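Enquirer: with the input below, show me the fold.
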Amino acid sequence: MFGPFEYTSFFSVWYWVLTVTVWTQVCHRTLGVPYDMILRAERLPEVAADVEAMTRIAAARITAIHNAAGTLLAGLLGFVLAALAVFGFVSGIEPARAGFILVLPLSVVLLCTVRLALYIDRTGVTGAELRRRLARRRAWNQAIAITATLLAAFIALLHQPVSLYMRL
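Expert: Predicted coordinates for the structure are as follows:
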């Protein structure tokens, strides 16, 4: 029934290129602020002002989206995750499984980013405290990325088709 979908996503170079690209981008920017700017902001006051401005703009945008359609978007994300999980793990469609393994940790990063944006918008934190929170969020994003990549590799090995063993 699912003939066109029965291929090995985890063993495609494109899946891993996509995974590395996505996680590199997620880990490099926190609330749209590149990490190198956060580091330079410690030494250069003009860069610190830019970091604060960029963070305020991003936090205000995320807060506005959260207030306008947060519940709807959370429900849609939950539906997509549930559909990918059912198709991937119950029906055995490997591209859905691969998508779920990529999207689930990204949704955790999204939730944490929204929480950080709401906190920044609500409290108006600035200066070293703001940079510390951005750097901590980046470190957690990196931890999630490493865990997600290792989990993807583990699930790829766990759920690989038997026919793949026969080809080796």
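Enquirer: where exactly do the strands run in this structure?
Expert: Counting by DSSP state E, the chain has strands at residues 29-30, 33-34.
Enquirer: between those, which one is nearest to Ala69?
Expert: Nearest to Ala69, of all the strands of the chain, is strand 29-30, at 22.5 Å by Cβ to Cβ. Placement of C-beta: from N, CA and C, glycine included.
Enquirer: what residue lies at the spatial centre of this structure?
Expert: Leu106 (2.7 Å; Cα atoms, centre = their mean).
Enquirer: any idea how far that one is from Leu130?
Expert: Between Leu106 and Leu130 the computed distance is 24 Å (Cβ to Cβ, to the nearest Å).
Enquirer: neighbours around Ile57, how many?
Expert: 13 (other Cβ atoms under 10 Å).
Enquirer: for it, list the residues it contacts.
Expert: Listed by Cβ atoms under 8 Å, 6 or more residues apart in numbering, the contact set of Ile57 reads Gly32.
Enquirer: quick one: low-confidence parts of this protein?
Expert: Scanning the chain for pLDDT under 70 picks out 1-7, 159-168.
Enquirer: on that earlier part again, out of the strands of the chain, which is the most enclosed?
Expert: Sort the strands of the chain by mean neighbour count, taking mean count of other Cβ atoms under 10 Å, and strand 29-30 sits at the top with a mean of 22.
Enquirer: can you list the strands that that strand pairs with?
Expert: Within its sheet, and counting by DSSP bridges, strand 29-30 is paired with strand 33-34 (antiparallel).
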